[in-house]
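**Q** give me a 3D structure for the following:
(one chain, ligands or ions: 3)
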Amino acid sequence: MSVLIKGGTLVTDTQTMQSDLLCEEEKIVAIAPSLEAPSGATVIDASGQYVMPGGIDPHTHMQLPFMGTVAIEDFYSGTAAGLAGGTTSIIDFVIPEAGTSLLENYHTWRGWAEKSAADYSFHVAVTWWDDSVYEDMGTLVRDHGVNSFKHFMAYKGAMMATDEILVSSFERCIELGAIPTVHAENGDLVYHLQQKLVAMGITGPEGHPLSRPPEVEAEAANRAIRIAETLGAPIYIVHVSTREALEAITRARTNGQRVFGECLPGHLLFDDSVYLNPDWEQAAGHVMSPPFRPKDNQRALWKGLQSGNLQTTATDHCAFCNEQKTMGHNNFTLIPNGTAGIEERMSVMWQEGVGTGRITMNEFVAITSSNAARIFNIYPKKGCLAVGSDADIVVWDPEGSRTISAKTHHSKVDFNIFEGMTVKGVPSHTLSRGRIFYKEGELLAEEGYGNYIDRPPYASYYDALQKIAGSREPKPIARQ
Ligand code: URQ
Ligand code: ZN
Ligand code: ZN
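**A** Ligands and ions are numbered 1, 2, ... in the order given. As a prediction, this is how the structure comes out:
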C-alpha cells in the first residue's frame, strides 16, 4: 500500500518546504521534490495545501468510569473523531480506583482500547500507595511501555493523590526514568468550597467555578512544581488554565527546572460567563475541571504558548451527554466533569493561532504534535515527517472551512462547546500509519486498526547509577 502526497508544502516544527512525500507499509519512505508514484500507488494532490505530522492529543479519557457514570465516547468513536479532525494518536489514562492494582487496571484499559481506529498509549494514574504500587510502576515501565504517571491533586474522596503519594511516586518516577504529570487543583480546598456553596443554596452550574477559583490551581501547581524541584523530578502540568499557574511554571523553567505545561483550546477561547447561561444544559455542558476562567487568563495562556512556557495543546476529551450531566441538576458538585474536543482541536488552534498570527505554522505543529512526541519520548516515530517515521500525516487545507456542530460531529456526545463556530483551516486527508482514513469530508475509520504505542523510559536513575558506580539496583526507600 503506497501513498504519494504530491505538490504540497511540508510543515514540521522546525521546517517549511515544498516537497513530495511517499508512504509505504506504514512508514514514510521518501521526502523529495518530484517523486514518481510507484505503480498502484494512491496519489494525493496536495497543491495549495500543507502536509504536517498528524496531531497527537496527549490528554483524553475515552469511556472513563467517573462520578458515577461512564464517559460516552469509546476508544473507537473517539479515535475516529480524532482522525476526522487531523489527530492520529492519543495518550489516554488508566485511572485505578484507590486500592486496586495498577497492573490489572492497565490490562483492563488495554482491552477497552483494542477497538481504537488510531494509535494510542496510556499515562497510568497513581491514586494510592503501597509497595505493590511501587512494584507495578516498575513493571509498567520495564514491560509495558509506560513512561508517564498521572497524579490527580483534585477529586478528594475519589482519586486524589496526597502530598505523601506525590513524594513516593515522584521518587519512583526518578528511579524508573518516567515523568510525573499532575492535575493541579487543591482537592481539599475544592471540597471545602463545594460544601460551603451548597450550604448557601448555590447549587447550579454557577457554583462550579466558584468552588475552584484560580488560587486553587495556582497553589497546587506551585506545590507540585516545588515537590518535583526538591526531589529532582521532571513534571508535566496538564490543562493549565490560569495566569498564576503559568507564572509558577515560567518561574521554574526560568530557573532551569524541567517543567512542561499543557493547555486546552477550551481554556484559550471560553471564559467563566458560560456558567451563567440561564439554559442549564448549556451551562452544565461546560462543566469541566479546571473550569473556564475569567477572560484575562486566556491572554496569559496564549502568551504561554507564544513564549514556549506552555508546550502542548490537548483536549481532555471526556464526553458526557446532556442526560448524564443532569445527574447534577440539583447539585453542581454531582455534574460529571468533562467536555469533548478531539475533532475540533486542530482547526480551532489553526484558526485562533495561525489565522490570527499568534503562532507560526511551525509552532502549530510543535504544540499539536511534535512537542508531545518529544516530551513523552516517541519522537521521531511520531510527531515528525522524516524517512522512517510512522506515516501519520494530515494534509491541511488552509482555505477549507466548516461549521462545528454536535449535529454533524463524529463524536457520540450530544453537546459541543464549539457549537456554531465556523473554522477556517481543516484536514482534507488524514493518514494513520500510511492509510487514508479521512478523505475530503468522508471518514473511513476502521475499528481496531489502532496500535498501542510503547513509550520507552528516559535514561533512568538506575542506568546512571549503573554507569557511575556499577552498583546494583538501590533498595527501595523504606516505606512508613
Ligand atoms: O480531570 C480530568 O482531567 C478528567 C477527570 C476529565 N474531567 C475534567 O473535568 N477535566
Ligand atoms: Zn484533569
Ligand atoms: Zn483529564
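
**Q** using the three-state scheme, assign the closest residue to ligand 1 within the stretch 351-480 of the chain.
**A** Using CB to the nearest ligand atom, the single residue of the stretch 351-480 of the chain nearest to ligand 1 is residue 417, 11.9 Å away. The way it works is simple: take the backbone N, C-alpha and C, and place the C-beta from them, glycine included. Assigned with DSSP: H, G, I helix; E, B strand; the rest coil, residue 417 falls in the coil class.

**Q** just residue 136 next, same as before
**A** Classified using three-state DSSP, residue 136 is helix.

**Q** over to residue 427?
**A** strand.

**Q** coming back round to it: now the residue of the stretch 351-480 of the chain closest to ligand 1: closest residue in space that isn't a chain neighbour?
**A** With sequence-adjacent residues excluded and distances taken as CB to CB, 6 or more residues apart in numbering, residue 417 is closest to residue 339, at 5.1 Å.

**Q** test my guess that the residue of the stretch 351-480 of the chain closest to ligand 1 contacts residue 287.
**A** No. Counting by CB atoms under 8 Å, residue 417 does not reach residue 287; the two are 10.5 Å apart.

**Q** circling back to that earlier point, list the contacts of the residue nearest to residue 417.
**A** 266, 285, 286, 287, 288, 316, 317, 318, 319, 415, 417 (CB atoms under 8 Å, 6 or more residues apart in numbering).

**Q** measure how far the helix or strand hosting the first one is from the centre of its chain, please.
**A** Spelled out, it's residue 266. Using DSSP states H and E, residue 266 sits in helix 265-269. In terms of CA atoms, centre = their mean, to the nearest Å, the centre of helix 265-269 is found 14 Å from the chain centre.

**Q** ok, stretch 87-98 next?
**A** 9 Å.

**Q** sorry, back to before: ramachandran angles for the residue nearest to residue 417?
**A** phi -140, psi 170 (degrees, to the nearest 10).

**Q** hey, what's it bridged with?
**A** Beta bridges link residue 339 to residue 317, judged by DSSP bridges.

**Q** where's it relative to residue 345, distance?
**A** 12 Å (CB to CB, to the nearest Å).

**Q** which residues of the stretch 1-150 of the chain lie near ligand 1?
**A** 61, 66 (CB under 6 Å from any ligand atom).

**Q** ok, the stretch 151-300 of the chain next?
**A** 183, 288, 289.

**Q** top of these by neighbour count?
**A** Sorting these by how many neighbours each has (other CB atoms under 10 Å) puts residue 183 first, at 27 neighbours.

**Q** for the nearest residue to that one once chain neighbours are set aside, list the residues it contacts.
**A** Spatial nearest neighbour of residue 183, excluding adjacent residues (CB to CB, 6+ apart): residue 152 at 4.6 Å. Going by CB under 8 Å, 6+ apart, residue 152 touches 95, 125, 127, 158, 159, 160, 161, 182, 183, 187.

**Q** one more pass at 6 Å, please.
**A** By CB atoms under 6 Å, 6 or more residues apart in numbering, the contact set of residue 152 is 159, 160, 161, 183.

**Q** could these be laid out in JSON lines, adding secondary structure and pLDDT?
**A** Below are the contacts of residue 152 laid out as JSON lines (DSSP: H, G, I helix; E, B strand; the rest coil; pLDDT from 0 to 100):
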{"residue": "159", "secondary structure": "coil", "pLDDT": "96"}
{"residue": "160", "secondary structure": "strand", "pLDDT": "97"}
{"residue": "161", "secondary structure": "coil", "pLDDT": "98"}
{"residue": "183", "secondary structure": "strand", "pLDDT": "98"}
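
**Q** what sits up against the lengthiest helix in the chain?
**A** Criterion DSSP state H: the longest helix present in the chain is helix 214-231. Residues external to helix 214-231 that are found in contact with it (CB under 6 Å, 6+ apart): 153, 166, 170-171, 182, 184-186, 189-190, 235, 237, 242, 244-245, 248, 252, 257, 259, 290.

**Q** next helix or strand past it?
**A** Following helix 214-231 in sequence, per DSSP H and E, is strand 235-237.

**Q** mind giving me the packing neighbours of that following strand?
**A** Counting contacts by 3 or more CB pairs under 6 Å, 6 or more residues apart in numbering; DSSP states H and E, strand 235-237 packs against strand 179-183, strand 259-263.

**Q** got a pLDDT number for residue 314?
**A** Note for residue 314: predicted pLDDT of 99.

**Q** mind listing what it touches?
**A** Counting by CB under 6 Å, 6+ apart, residue 314 has contacts 57, 58, 59, 262.

**Q** burial of the last one, as a residue count?
**A** Looking back up the chat, that one is residue 262. By other CB under 10 Å, neighbour count at residue 262 equals 22.

**Q** including distance to residue 42, could the contacts of residue 152 go into TSV?
**A** Listed next are the contacts of residue 152 as TSV, based on distance: CB to CB, whole Å:
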residue	distance to residue 42
159	45
160	50
161	48
183	42
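
**Q** between these, which is nearest ligand 1?
**A** Of the contacts of residue 152, the one sitting nearest to ligand 1 (CB to the nearest ligand atom) turns out to be residue 183, at 5.1 Å.

**Q** now do the same contact list for that closest one.
**A** Counted by CB under 6 Å, 6+ apart, residue 183 has contacts 152, 154, 238.

**Q** out of those residues, who's nearest residue 394?
**A** Using CB to CB, the shortest approach to residue 394 within the contacts of residue 183 belongs to residue 238, at 23.4 Å.

**Q** coming back round to it: and after the helix holding residue 266, which helix or strand comes next?
**A** With DSSP H and E, the next secondary element past helix 265-269 is helix 280-285.
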